[in-house]
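In: Pasting a predicted model and its sequence here:
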Amino acid sequence: MSFGKTQDVLLIAPYLSVFWNNVELPMAPVAKQLGLNFISLRPDAQKGFDFTLVLNQYLKKNRTPEWVIWVHRRSHPDKMLNLLEAHKIRSINITNPIPPKDANVVGKPLQRYQYWQAQISSNEYDASYKIIDALHLAAQQSNYTKPYRIIGIAGSKYLQSAKNSNLGMLTAIEQRKNMHLLQLVYSDWSQDEAFNKMNILLRRHPNINLAWAGNINIALGIRQALQASQIKTQHWPMIGNLGWHPKVFSAIQQEHIAFSMGGNHMHGVWALLVIYDIVHNSSGANAVNKEADSIINIPYIKASKHNIQHIEPLFQSSYWHTANIKQYSKRHNPQLHKYDFNLEYLLATE
């Protein structure tokens, strides 16, 4: 595989989304470090986040990129994959893995679709399980009265990543006899709806000890509802959430949120590194491996008041112009036989 000119890499992702803003923020400076030309296409949400039509229209009016980084939602992934295959565009899907029922149709990357190079996602089940584990431990250390009374506010029910997250939370609670799930409610992922749902939960369930939040906005909505309540801060439920953001870090510093599991906003960066290695055709023992590197799962990291000072720079675009991102590249690390996109390595160098 040989590439002569600078590769165009197009990201297609939802427009109105705090999470996807976080995903995009480091990508342009990292792409510049790697000699890639980054292009962002952030359309308004289509039904089910099916961006196949949007991408098709883009391709009719613009130069065809060599690469597309895309996100799967409710739509059938074969529509996007067929379009990319027809235009001979290599692609990597990130964040939300292809659900099993769809995987039966499209297979794995490089299996049935020649130009589908990889899938990068995180283990939401494990992250949510660990949130409950940490909340349980904190409740023990704080001498809360048993059983520990917990509520959960999730996002939608249809995303595979959300399903995995919800299952991890429910499983962890079920395995702890001294935890009692008061109620799990669903939302549209927004802070406003989480605020409204939490207000209802506070009226319905007195003496909530713990709260699990399915994303950034939900955690902030829970905090907003508690701030508007008559409950004194020292009697607030302890909150753990999925997803990092400077506003969450501020809430952690104020001890309004206990901790946050994150790092999944880096999937776009990791995709750029895989693209970089393929473009430069790493060879030998550390070549991009079609099987081992086609399905990449990234660990979550816990952010607490003890380490957020090291994590906060990741949310500044200027940081990424000089970040040591090539330490993860196979091209620059001949000893690396399999990708290890552990964000802890980057934080350890700061």
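Out: Everything's here; your move.
In: Could you check the helix or strand containing L220 and say which residues are buried?
Out: Of the helices and strands defined by DSSP states H and E, L220 is found in helix 216-228. Under the neighbour-count criterion of 16 or more other C-beta atoms under 10 Å, helix 216-228 has 216-226 buried. No exception for glycine: its C-beta is placed from N, CA and C like everyone else's.
In: Summarise which helices and strands it is packed against.
Out: Taking 3 or more C-beta pairs under 8 Å, 6 or more residues apart in numbering; DSSP states H and E as the contact definition, the neighbouring helices and strands of helix 216-228 are helix 18-24, strand 148-154, helix 191-204, strand 210-213, strand 238-242, helix 246-253.
In: so who does L59 touch?
Out: 83, 87 (C-beta atoms under 8 Å, 6 or more residues apart in numbering).
In: is it true that it lies in a strand?
Out: No - when DSSP: H, G, I helix; E, B strand; the rest coil is applied, L59 is found to be helix, with no strand at that position.
In: mind listing what's buried in stretch 179-188?
Out: 179, 181-182, 184, 186-187.
In: and of these, the nearest to K326?
Out: Ranked by distance to K326 (C-beta to C-beta), those are led by S187 at 39.5 Å.
In: gap between the nearest residue in space to the closest one that is not next to it in sequence and S156?
Out: Leaving aside its chain neighbours, S187 sits nearest to E193 (4.4 Å; criterion: C-beta to C-beta, 6 or more residues apart in numbering). Relative to S156, E193 is positioned 11 Å away (criterion: C-beta to C-beta, to the nearest Å).
In: can you list residues touching both of those two?
Out: When contacts are counted by C-beta under 8 Å, 6+ apart, E193 and S156 are jointly contacted by S187.
In: The residue nearest to E24 when sequence neighbours are not counted: which element?
Out: If the residues on either side of it in the chain are set aside, E24 comes closest to S40, at 5.8 Å by C-beta to C-beta, 6+ apart. With elements delineated by DSSP H and E, S40 resides in strand 37-41, which encompasses its position.
In: Which residues does that strand contact?
Out: Applying C-beta under 8 Å, 6+ apart, the contact partners of strand 37-41 are 6-13, 24, 27-28, 31-32, 51, 54-55, 58, 65, 272.
In: Could you rerun that using 7 Å?
Out: Defining contact as C-beta atoms under 7 Å, 6 or more residues apart in numbering, one finds that strand 37-41 is touched by 6-12, 24, 27-28, 31, 58, 65.
In: OK, contacts around the most centrally placed residue in the chain?
Out: With distances taken as C-alpha atoms, centre = their mean, N264 lies nearest the centre of the chain, 3.2 Å away. Applying C-beta under 7 Å, 6+ apart, we find N264 in contact with 95, 122, 298, 300.
In: and the second one, how many neighbours does it have?
Out: By other C-beta atoms under 10 Å, the residues close to S122 number 28.
In: How about the first one?
Out: For T95, the count of nearby residues is 26 (other C-beta under 10 Å).
In: So what does it have for phi and psi?
Out: Here the main-chain torsion angles of T95 (degrees, to the nearest 10) amount to phi 80, psi -60.
In: Report the contact partners of it.
Out: The contact partners of T95, by C-beta under 7 Å, 6+ apart, come to 71, 121, 161, 264, 267.
In: Got the confidence number for it?
Out: Per-residue confidence (pLDDT) for T95: 90.
In: Identify the residues contacting the residue nearest to it when sequence neighbours are not counted.
Out: If you skip the residues right next to it in sequence, T95 has H267 as its closest partner in space, 5.1 Å away by C-beta to C-beta, 6+ apart. For H267, the contacting residues are 23, 94-95, 120, 298, by C-beta under 7 Å, 6+ apart.
In: Report the secondary structure state of H267.
Out: helix.
In: so which two of the contacts of T95 are the farthest from each other?
Out: Using C-beta to C-beta for every pair in the contacts of T95, the one that comes out farthest apart is V71 and N264, at 11.8 Å.
In: Out of the helices and strands in this protein, which is least certain?
Out: Every helix and strand of the chain was ranked by mean pLDDT, DSSP states H and E. The lowest is helix 343-348, at a mean of 84.
In: Now the longest helix anywhere in the chain: average pLDDT?
Out: In the chain, taking DSSP state H as the definition, the longest helix is helix 124-141. Averaged over helix 124-141, pLDDT sits at 96.
In: So what touches it?
Out: Contacts with helix 124-141, where a contact means C-beta under 7 Å, 6+ apart, come from 148, 161, 164-165, 167-169, 171-173, 176, 179, 209-210, 212, 238, 240, 242, 258-259, 261, 300, 302.
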